[in-house]
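Undergrad: here is the input, now give the coordinates:
(2 chains)
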Amino acid sequence: MRPEVIPVKMGEIGFSRQGSLACYALGSCVVAILHDRGLGLGGVAHVVLPGAAPPEAPAPGRYAGQAIRRLIEGMVMRGAFLPRCRVYLVGGAQLLDIRYNGLSMGEQNIASARSMLKAHGVMQELREDVGGARGRTVCLEVATGQVTVGRAGQAPEVL
Amino acid sequence: MSGWGMAELEAGLAEADRVLAAMTGITFRTTSLCVHVLELEKVPGVAGESTRIRVAVYARLSGDRPGHACFLIEPATAERLADEMVGPGQPPALRESALSELCNVAGSAVLNSVSDAQGLSLIPSPPLMVQDMGGAVLQCVAAALATQPEVTVVQAVMDVGAESGPVYFLLLPEGPVSPAPDGRPPS
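TA: Below is the predicted model of the structure:
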């Protein structure tokens, strides 16, 4: 039987101890991934916007500040040991000239996600595939911690 | 923002069908026009499988109805259209330019119809063409609208000739647009 693939959509955070967590067709969004191999636990946050959510925001999980905090808290609540976790950032491309507060949405998402991870002290073993002008699909295989990144018309590569 | 009049959109799409056929010699026919009010995460999937490779021609709209307009075309269909416009074997830049112009003219037909009927100023940016996962392109547009609780998507599907894949034409206005009870946007 094929392991389950759990899609994590825009603004969502997903955790799993089995199967895979996947984010499809990333453009300017950034995906932050934490994986505790010792526990066999993975967590994925699909970040849409940089910075912290304003008080009136309809979906705070879309913002890097809230999304990454919830990702880290969720991993800890499920027993993860943060210094043992491997950390990945994927996405933040600029396919279109769409700007947020005058700057590239993708670049701001990358900078904001890095800043939030650093603020929470989980930058160890950070691996990245970010920026550029191509869309991506990313998948975390929870059992092994293997992260693969695919681009349009190309075979997925292990990060 | 009150909305996009359905009658004006239908008239504009009919005009787009006509000018596209005149430019390419291929029959275009708008087969559906609908309005969705969606949760943000559903936007990347509105034109079919999100990871499917598409040629996308995008323009930002400013003026009285700010928003985003996008054509999504199957690569094989885009090749066929470019062949008809500039001939096979031409440099990629020329083919891309021709295809961008094609979408620019079609988009202008739609926008002119709406702006003339409603007395609005609708100003598209120069068209930008990319070939990538269709969902990734739409995700970028959705992200620009992510401060809203929901996203309105005006979607038209055009059949191209007899054998080519469909062309999706999408308008994603900024700000709330409440469709009428029958699913039509308010005029």
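Undergrad: okay, now the unreliable bits of the chain?
TA: Reading this off chain A. Counting by pLDDT under 70, chain A shows low-confidence ranges at A:1-3.
Undergrad: ah, I was thinking of chain B
TA: Low-confidence segments of chain B (pLDDT under 70): B:1-3, B:163-164, B:176-187.
Undergrad: near chain A, which residues of it? Just list them.
TA: If contacts are counted using CB under 8 Å from any CB of the partner chain, the residues of chain B sitting beside chain A are B:40-41, B:43-44, B:50-51, B:53, B:58, B:60, B:68, B:128, B:130-144, B:146-149. All C-beta spots, glycine's among them, are computed from the backbone N, C-alpha and C.
Undergrad: max-length helix in chain B?
TA: Looking across chain B with DSSP state H, the single longest helix is helix B:92-118.
Undergrad: buried residues, that one. List them.
TA: Along helix B:92-118, the positions that meet the burial threshold by neighbour count (16 or more other CB atoms under 10 Å in any protein chain shown) are B:95-100, B:102-115, B:118.
Undergrad: count of residues packed around residue 48?
TA: As the question left the chain open, I've gone with chain A. Neighbour count of A:Val48, defined by other CB atoms under 10 Å in any protein chain shown: 28.
Undergrad: hmm, no, I was thinking of chain B.
TA: Counted with other CB under 10 Å, residues neighbouring B:Gly48 total 16.
Undergrad: can you name the residues of chain A sitting close to chain B?
TA: A:9-12, A:24-29, A:48-49, A:57-59, A:62, A:93, A:95-98, A:100, A:105, A:133-137, A:150, A:152-153.
Undergrad: tell me, what residue is most central in chain B?
TA: Averaging the C-alpha coordinates of chain B gives a centre point, and the residue nearest to it by CA atoms, centre = their mean is B:Phe169 (2.6 Å).
Undergrad: residue contacts, it?
TA: Taking CB atoms under 8 Å, 6 or more residues apart in numbering or on different chains, we find B:Phe169 in contact with B:Leu13, B:Ala16, B:Ala69, B:Cys70, B:Phe71, B:Ala106, B:Gly107, B:Val110, B:Gln155, B:Ala156, B:Val157, B:Met158.
Undergrad: just B:His68 next, same as before
TA: Under the criterion of CB under 8 Å, 6+ apart, the contact partners of B:His68 comprise A:Ile98, B:Tyr58, B:Ala59, B:Arg60, B:Leu61, B:Val141, B:Ala144, B:Leu145, B:Leu170, B:Leu171, B:Leu172, B:Glu174.
Undergrad: closest to B:Thr31 out of those residues?
TA: Checking the contacts of B:His68 against B:Thr31 by CB to CB gives B:Leu170 as the nearest, at 14.8 Å.
Undergrad: helix or strand: which one has that closest one?
TA: B:Leu170 is part of strand B:167-173, with elements assigned from DSSP states H and E.
Undergrad: and the angle from that strand to helix B:92-118?
TA: Angular relation of strand B:167-173 and helix B:92-118 on a 0 to 180 degree scale: 50 degrees, by axes from the mean of the first three to the mean of the last three CA atoms, to 10 degrees.
Undergrad: number of nearby residues for A:Glu56?
TA: 6.
Undergrad: quick one: the most far-flung residue of chain B relative to its centre from chain A, how far?
TA: Here the centre of chain B is the reference, and by CA atoms, centre = their mean the most remote residue is B:Gly89, at 27.0 Å. Counting by CB to the nearest CB, to the nearest Å, the gap between B:Gly89 and chain A amounts to 22 Å.
Undergrad: one step back: so how far is B:Leu13 from the residue nearest to the centre of chain B?
TA: Using CB to CB, to the nearest Å, one obtains 7 Å as the distance from B:Phe169 to B:Leu13.
Undergrad: A:Arg134 now?
TA: Separation of A:Arg134 from B:Leu13 (CB to CB): 31 Å.
Undergrad: state the next helix or strand along the chain beyond the longest helix of chain B.
TA: Next along the chain after helix B:92-118, with elements defined by DSSP H and E, is strand B:122-124.
Undergrad: output the contacting helices and strands for that next one.
TA: strand B:53-63, helix B:92-118 (3 or more CB pairs under 8 Å, 6 or more residues apart in numbering or on different chains; DSSP states H and E).
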